[in-house]
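S.K.: Provided below are the primary sequence and the corresponding predicted coordinates.
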Amino acid sequence: MITALRSVVDLPRRDGALAAALEPLGGAAGRVNLGGLNPPAAALLLASLLDRARGGKLILLVPGEKEAEPFRSDLTFALSALRSGGRVLSFPSLEADPYQELEPHLSVACERVQALRALREPGEAIVVAPSRALIYPLAPPAIFDVYRFDLSQGQALRPDDLSEYLLGAGYLRTDLVSGMGEFSRRGGIIDFFPPQAAGAVRVEFWGEEVESLRAFDPQTQRSTARLERATIPPVREYPWDAAALEGLQAALRGRQGRRREAGATAALLAAPDELALRLEALAAGRTFP
């Protein structure tokens, strides 16, 4: 059945003219302009082109959020029909004016991080992005790649250090973990819900050592399985740590010193500094575009 379905939906194999039109993709320019395809047909075509894409990655740019979800649904079907693996993810807009400095919704931040991770990690992936999602600058890949935390049973680790990492990575502290991007702490127990995971993770400490790792159901708060290890990816695209904040604070002190040397008025020196206010927000765990 699956083989028969693939023979129907693999458009380049069915249409010789289309296959010939796609040949320039393998050339130096690597560019082809096609028209006349409705969204479902375009989704089938894109899924069939994954093996030609560098690293098995494709980014589909659509006009807006309204078009993104139908395309994601069509691509998910096409990918399952044509290939044995691969993921389709959304890279949504932050849904806020970049000059208003509003915090993005936690679920949106998690979706964006999952899409970025899929583009950087091995494996085929198609990311659907509305044009508005690309107006914000992104962290350099080298910074994004290394900002992760690996946990294992028996690991020497202070609970305070894990809490500090989770805050710096953008996780929201709550009383009980109920959704992605949240974490909670009750004495020597820390719960967190990473964006890409099927469920939440509970870390139990014995002093300054990880005694156990368990998966648990956020709805019932009951453990479901033991884990040997777990990975904590960031929730925000620009993770902040103590070194990054110290660098910004040094820049702030330098700017204030230059103002004094330039003979700034007392009123100007006493006025609230916009950069200082932003640093206070970042240190408190707030995020904004």
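M.R.: In hand now; what should we look at?
S.K.: how long is stretch 73-93 end to end?
M.R.: End-to-end span of stretch 73-93 (Cα to Cα, to the nearest Å): 18 Å.
S.K.: show me where this protein has its strands.
M.R.: Counting by DSSP state E, the chain has strands at residues 57-62, 87-90, 125-130, 149-152, 172-173, 182-186, 189-192, 200-205, 210-217, 222-227, 229-232.
S.K.: I'd like the ones you listed as a markdown table, with mean neighbour count appended.
M.R.: Quick note: C-beta positions are derived from backbone N, CA and C, even for glycine. Compiled in a markdown table, these are given as follows (neighbours: other Cβ atoms under 10 Å):
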| stretch | mean neighbour count |
| --- | --- |
| strand 57-62 | 17 |
| strand 87-90 | 21 |
| strand 125-130 | 24 |
| strand 149-152 | 14 |
| strand 172-173 | 17 |
| strand 182-186 | 19 |
| strand 189-192 | 21 |
| strand 200-205 | 21 |
| strand 210-217 | 17 |
| strand 222-227 | 12 |
| strand 229-232 | 16 |
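S.K.: among those, which comes closest to R31?
M.R.: Proximity to R31 (Cβ to Cβ) singles out strand 57-62 among the strands of the chain, at 14.1 Å.
S.K.: partners of the closest one in the sheet?
M.R.: strand 125-130 (parallel) (DSSP bridges).
S.K.: what's the average pLDDT for the partner strand?
M.R.: For strand 125-130, mean pLDDT rounds to 92.
S.K.: what's the answer for stretch 159-168, then?
M.R.: Average pLDDT, stretch 159-168: 88.
S.K.: so what's T76 closest to, chain neighbours aside?
M.R.: Distances taken as Cβ to Cβ, 6 or more residues apart in numbering place V88 nearest to T76, at 4.7 Å, with adjacent residues excluded.
S.K.: distance-wise, check the one you found relative to P39.
M.R.: Note on V88: its distance to P39, by Cβ to Cβ, to the nearest Å, is 13 Å.
S.K.: about what we covered before: distance to H105 for the strands of the chain - can I get that in TSV?
M.R.: Below are the strands of the chain laid out as TSV (distance: least, Cβ to Cβ, whole Å):
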stretch	distance to H105
strand 57-62	20
strand 87-90	13
strand 125-130	15
strand 149-152	24
strand 172-173	11
strand 182-186	13
strand 189-192	18
strand 200-205	19
strand 210-217	23
strand 222-227	27
strand 229-232	20
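S.K.: what's the closest of the ones you listed to E23?
M.R.: Comparing the strands of the chain by their distance to E23 (Cβ to Cβ), the top pick is strand 57-62, with 18.0 Å.
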